[in-house]
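S.K.: I'll drop the sequence and a predicted model, then ask my questions.
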Amino acid sequence: DRRAFLAGGIALAATANVRAEEEYVATRRIAAADGPYDRRSWHDALPGAICFAGIRYARADRFRAPAPILRAEQVAGGAFGPACPQVGDRYRPQSEDCLFLNVWTPESTGKAKRPVMVYFHGGAYSTGSVSDPINDGAKLAARGDVVVVTVNHRLNALGYLYLARLDPRFPDSGNAGQLDLIAALQWVRRNIAAFGGDPGNVTVFGQSGGGAKIATLMAMPEARGLFHKAITMSGQQVTASGPLNATRRAEAFLAKLGAGNDPATVPVEQLVAALSATDPILGGSVYMGPVLDMTHLTRHPFWPDAAPQSLGIPMMLGNVVMETRAFYAPDGKQLAGLNFDNLAARIAPEMRIDIEPSWVVGQFRARYPKADPPELFHRIVTSARSWRGQVEEAEARARAGHPAFVYQLDFEAAKHADDIGLSFGTIPQPTPAQQAMSDRVMDAFVRFARTGDPGWPAYDLATRRTMIFDTASRVEQDPRKWERELFARVPYVQPGS
């Protein structure tokens, strides 16, 4: 089964290579700037698109900046590269040696230079992998006549543990994961023309943490000129972690790791286990994310304004109408037994802002008199917690005179991550309505990647025009205005900063 194989990822052992040979057919090679890459396709792949899997773009010692690989190197047998070590076993195998990317290109290359769409996965800087079948780029490449690239990189402590103020050996540690992404984009600039892509027309897109990584890159001088358009999907980074809070988090992490254990040399399993340290600022598991280290990141991405270096980059900002339906189990502590009497107490810690919860519930009940407690819970927490950062970024771009294009996914009461499968065309066994919605989203993304205009007006402060993706898609002025204005009473603070 191809989907099961895709989820399996890399296999470097001889037995795994036999399995890979059973799944793949090697065809001719492509000669790129860094050398030749084997062009492989799956036996049951979508006609018209071919994958080059497991391309190494860099190597890195633990907590150090990556070293770009300038000589072609590829995983044997057509397999994906491994996921970064992380909590859980959803993605296997895992390895610190995880700096690999994958390319999908239309089968007929010709001489035309196609738009390039580079995808960064989500997972809040801590988890995830592009080996997930939902990130298969074949359908997007074939339908859009674009070249699709997906990237794995270092996550959690391996990518974002800020040791610079504690250990002079690791001046780059707090943003190592971001530097990996820059190295991947440098590989694209050097090599993508050989795959039919235009190195002068690169769009980065990413969902959740992937979108936040893109927002951060837009403020990193080393990323300047490496991409030309940006799409963030339910993922923002208004401010980065301050160095003092990031140091406090590193100290909590090291305390959990244990005295006498050098983080540079302990087995990686111990580093993953230490991620259970309590965050000294937020509570819960320790947060890892980009750091205002004044070396690689010298200003916040969207505060006090949108980073000037990227104002010339067309940007699309997306959100979904019920983000939090993906975060809370129906039988979990937040939703089990939820009623109007306990709704205020349940939303209070989840909104992540300091506002009177009983008053908020009263306002939402008056606005949505037919909504039951679960619907109100998701409406309130989505608006208070998940949507705010996207509004901040859209407003910052509008104030700077370089407005972004904004969309909201309402289709099927969309929850967080529903736009991934729609944008890649990878929803399993889609209904006719889901396929039509996916085609609509893919076409908008591709049009934006090709031209910088997705087909609807940009977002300005006077009208706040927004594309509503739904069974009947449409442009609305200032959707959810009432919710936006209610929570605008409270200053926005980026979680983790």
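M.R.: Looks like it arrived, so ask away.
S.K.: first-to-last residue distance for stretch 473-490?
M.R.: One end of stretch 473-490 sits 31 Å from the other (CA to CA, to the nearest Å).
S.K.: give me the buried positions along that stretch.
M.R.: 473, 479-480, 483-484, 486-487 (16 or more other CB atoms under 10 Å). No exception for glycine: its C-beta is placed from N, CA and C like everyone else's.
S.K.: how about those in a markdown table, adding distance to Glu73?
M.R.: Output for the buried residues of stretch 473-490, formatted as a markdown table (distance: CB to CB, whole Å):
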| residue | distance to Glu73 |
| --- | --- |
| Ser473 | 43 |
| Pro479 | 47 |
| Arg480 | 48 |
| Glu483 | 50 |
| Arg484 | 48 |
| Leu486 | 53 |
| Phe487 | 49 |
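S.K.: pick the one among the residues you listed closest to Thr203.
M.R.: Closest approach between the buried residues of stretch 473-490 and Thr203, by CB to CB: Ser473, at 20.8 Å.
S.K.: can you pull the phi/psi pair for the nearest residue in space to that closest one that is not next to it in sequence?
M.R.: Once flanking residues are discounted, Ser473 sits nearest to Arg440: 6.0 Å by CB to CB, 6 or more residues apart in numbering. Main-chain torsions, Arg440, degrees, to the nearest 10: phi -60, psi -40.
S.K.: hang on, Arg440 packs against Ala472?
M.R.: No: using CB atoms under 8 Å, Arg440 is not in contact with Ala472; the gap is 10.6 Å.
S.K.: neighbour-wise, which of those two wins?
M.R.: Remark: of Arg440 and Ala472, Arg440 carries more neighbours, 18 against 7, as counted by other CB atoms under 10 Å.
S.K.: tell me which stretches of the stretch 251-400 of the chain form strands.
M.R.: Assigned by DSSP state E, counting those that start in this stretch, the strands in the stretch 251-400 of the chain fall at 315-320.
S.K.: remind me which helix or strand Asp180 belongs to.
M.R.: Per DSSP states H and E, Asp180 falls inside helix 176-191.
S.K.: how far out from the middle of the chain is that helix?
M.R.: Its chain's C-alpha centre and that of helix 176-191 lie 15 Å apart, by CA atoms, centre = their mean, to the nearest Å.
S.K.: tell me the first helix or strand C-terminal of it.
M.R.: For helix 176-191, the following helix or strand on the C-terminal side (DSSP H and E) is strand 197-207.
S.K.: give the contact list for Gln164.
M.R.: Check again: residue 164 is Ala, not Gln. Ala164 sits next to 170-174, 243, 293, 295 when contact means CB atoms under 8 Å, 6 or more residues apart in numbering.
S.K.: where does the stretch 1-150 of the chain dip in pLDDT?
M.R.: Low-confidence segments of the stretch 1-150 of the chain, defined by pLDDT under 70: 1-28, 40-46, 109-111.
S.K.: try 80
M.R.: 1-28, 40-48, 108-112 (pLDDT under 80).
S.K.: the helices in it, which residues?
M.R.: 2-8, 14-23, 138-144 (DSSP state H, counting those that start in this stretch).
S.K.: looking at the buried residues of stretch 473-490, which one is closest to Asn102?
M.R.: Checking the buried residues of stretch 473-490 against Asn102 by CB to CB gives Ser473 as the nearest, at 30.3 Å.
S.K.: quick one: that closest one and Ala344, what's the gap?
M.R.: According to CB to CB, to the nearest Å, Ser473 stands 35 Å off from Ala344.
S.K.: is it correct that Met294 is in contact with Gly242?
M.R.: No: between Met294 and Gly242 there is no contact under CB under 8 Å: 10.7 Å.
S.K.: more crowded one of those two?
M.R.: Taking other CB under 10 Å, Met294 and Gly242 do not tie; Gly242 has more neighbours (16 against 10).
S.K.: please name the nearest non-neighbouring residue to that one.
M.R.: Once flanking residues are discounted, Gly242 sits nearest to Leu292: 5.7 Å by CB to CB, 6+ apart.
S.K.: same check, this time on Ser438
M.R.: Nearest non-adjacent residue to Ser438, counting by CB to CB, 6+ apart: Leu422, 4.6 Å away.
S.K.: in which helix or strand does that neighbour reside?
M.R.: Using DSSP H and E, Leu422 maps to helix 418-424.
S.K.: which helices and strands sit right next to that helix?
M.R.: Counting contacts by 3 or more CB pairs under 8 Å, 6 or more residues apart in numbering; DSSP states H and E, helix 418-424 packs against helix 138-144, strand 197-207, strand 229-233, strand 315-320, strand 405-409, helix 432-451.
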